[in-house]
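**Student:** dropping the sequence and predicted coords here.
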Amino acid sequence: MELGQPLAGSTNFSDWIDGRTIPHLSTNSGAASVAFQGWRHFKEAFAPELIQSAFDETSEALGRRVKTIVDPFGGSGTSALASQFLGALPTTIEVNPYLADLIEAKLTSYATDALVDGFNQVMSNSRNVAEIAFEGAPRTFIEPGVKGRYLFSTDVARTLQQLKEGIARLADDRIKRLFLVLLGAVALDVSNVLVSGKGRRYKRGWSVKQSSRDSVRSAFREKVLKAIYDIERFRDRASLDYRVLRGDSRALIKDVGQQDLAIFSPPYPNSFDYTDVYNVELWVCGYLRSPTDNRRLRTATLRSHVQVAREYHVEASPTKTLANTLRQLNDVRAQLWDSAIPDMVAAYFDDMRNVLKELFEQIVPHGRVYVVVGDSQYAGVGIPVATILEEIAHLIGYSTERSASFRSMRSSPQQGGKTSLKETLLVLRR
């Protein structure tokens, strides 16, 4: 059997990606048209085709097909889903509970008739609710909000609550999980804001262009029906097994078991709080119920940002490049928009060292680790993330298979403007 080809009788990987061609493995342009990936818009760090390429290369290095693939930073589940199409057992770790459920919803097998019945129950049994129970959510969520600005009108919030309660009454936990994550995606679409890694902003003309009860229900109907179509079309993937570990990858990486291949893109040390990107879904779907819940989640993430106060103490810098970078950052500490940035950068690489060290114990000899990372910059000081991680990996015992420029990205205003920052594919050999 040719490496990278699906097992006999299963859905073909090329069928899943619709036979598309992409200019680079670093771009996931067109991902919205790929089954499952359009359930919730997500800025991917790499295309599904990279997983297939990594699978083929690692299978050749091992002299057999890759059987197990791990992603310690699951995100939208691209690595795990691609693994199923390739006939490998995926293990993924995700700290964000909304994303963890989104990943599992994509990987789960369903009876189509049960999905249709469940959908009809939700749409017909959604009753009026006495109050809108986005428990503990910030006041800006629901009209009248704060100073006349809010994410949802009362009508839209009540409709979302009705659908959520209808979902909660379903008997099948798998279907409840699927419908809830789809409702979360709808909630963002019908809100008054746009969200990205750079923060949240109100839509232009939001006060006169708000969604209605009917548009919310219509959006949910469309989202569910498209998901059911994807599920039915690709029900015969080469592997239907999976493992989703919910929690902090720094703690859970030691529990993944023996792995042939790891492929992931961790948060970059760019001071984006990725929890904020999914803030709407987390509150609307009930994953967060108090400010304490919010803080607990934010402190369980990689130390890649300074938006939440936390412990940054680490031991001495393990590599010369990191030590030199931290020295330069300390020299400009007074010019930084947050004086904790040098400490955060040191803590970030300490976290990544621990992840790579634990992963080294799980990867089989001759196995591979594919990491997509991006550089950062503060007050003119560049953070060569891939270079530092490569040096750390060598200290652990990895060898470098290759390090290749993936693409360039613009730095944020916080990082100093329009300078292009390099993203790199780092391939390590066990």
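**Tutor:** Arrived safely, thanks for sending. Residues are numbered from 1 along each chain as shown.

**Student:** and the residue nearest in space to the middle of the chain, which of the three is it?
**Tutor:** Centroid-nearest residue in the chain, with C-alpha atoms, centre = their mean: residue 75, separated by 1.8 Å. Residue 75 falls in the coil class when you classify it by DSSP: H, G, I helix; E, B strand; the rest coil.

**Student:** relative to residue 384, how far out is it?
**Tutor:** 23 Å (C-beta to C-beta, to the nearest Å). Heads up, the C-betas are built off the backbone N, CA and C, glycines and all.

**Student:** in the stretch 1-150 of the chain, which spans are helices?
**Tutor:** Taking DSSP state H, counting those that start in this stretch as the test, the helices found in the stretch 1-150 of the chain are 13-16, 48-62, 78-85, 97-107, 112-125.

**Student:** among those helices, which comes closest to residue 184?
**Tutor:** Ranking those by distance to residue 184, with C-beta to C-beta as the measure, places helix 97-107 first at 5.9 Å.

**Student:** domains for this structure, by residue range?
**Tutor:** If you go by automatic domain parsing, the domain ranges for the chain are 112-233, 306-430.

**Student:** what helix or strand does the spatially closest residue to residue 275 that is not a sequence neighbour sit in?
**Tutor:** For residue 275, ignoring the flanking residues on the chain, the nearest one in space by C-beta to C-beta, 6 or more residues apart in numbering is residue 298 at 4.9 Å. Here residue 298, judged by DSSP states H and E, is contained in helix 291-299.

**Student:** then the helix or strand following that helix to PDB, C-alphas only?
**Tutor:** Helices and strands here follow DSSP H and E; after helix 291-299, the next one along the chain is helix 320-331. C-alpha atoms of helix 320-331 as PDB (Å, rounded to 0.1, in the frame of the first residue of the first chain):
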ATOM      1  CA  LYS A 320      22.900  31.400  24.500                       C
ATOM      2  CA  THR A 321      20.400  32.800  22.000                       C
ATOM      3  CA  LEU A 322      17.700  32.900  24.700                       C
ATOM      4  CA  ALA A 323      20.000  34.500  27.200                       C
ATOM      5  CA  ASN A 324      21.000  37.100  24.700                       C
ATOM      6  CA  THR A 325      17.400  37.800  23.700                       C
ATOM      7  CA  LEU A 326      16.400  38.200  27.400                       C
ATOM      8  CA  ARG A 327      19.400  40.500  28.000                       C
ATOM      9  CA  GLN A 328      18.200  42.800  25.100                       C
ATOM     10  CA  LEU A 329      14.600  42.800  26.400                       C
ATOM     11  CA  ASN A 330      15.800  43.700  29.900                       C
ATOM     12  CA  ASP A 331      17.700  46.600  28.400                       C
END
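
**Student:** and the pLDDT for the spatially closest residue to residue 183 that is not a sequence neighbour?
**Tutor:** Distances taken as C-beta to C-beta, 6+ apart place residue 163 nearest to residue 183, at 5.7 Å, with adjacent residues excluded. For residue 163, the model assigns a pLDDT of 95.

**Student:** find the nearest non-adjacent residue to residue 96, please.
**Tutor:** residue 278 (5.9 Å).

**Student:** pull the helix or strand with minimum mean pLDDT from this structure.
**Tutor:** For the chain, using mean pLDDT, DSSP states H and E, the weakest element among its helices and strands is strand 399-410, scoring a mean of 80.
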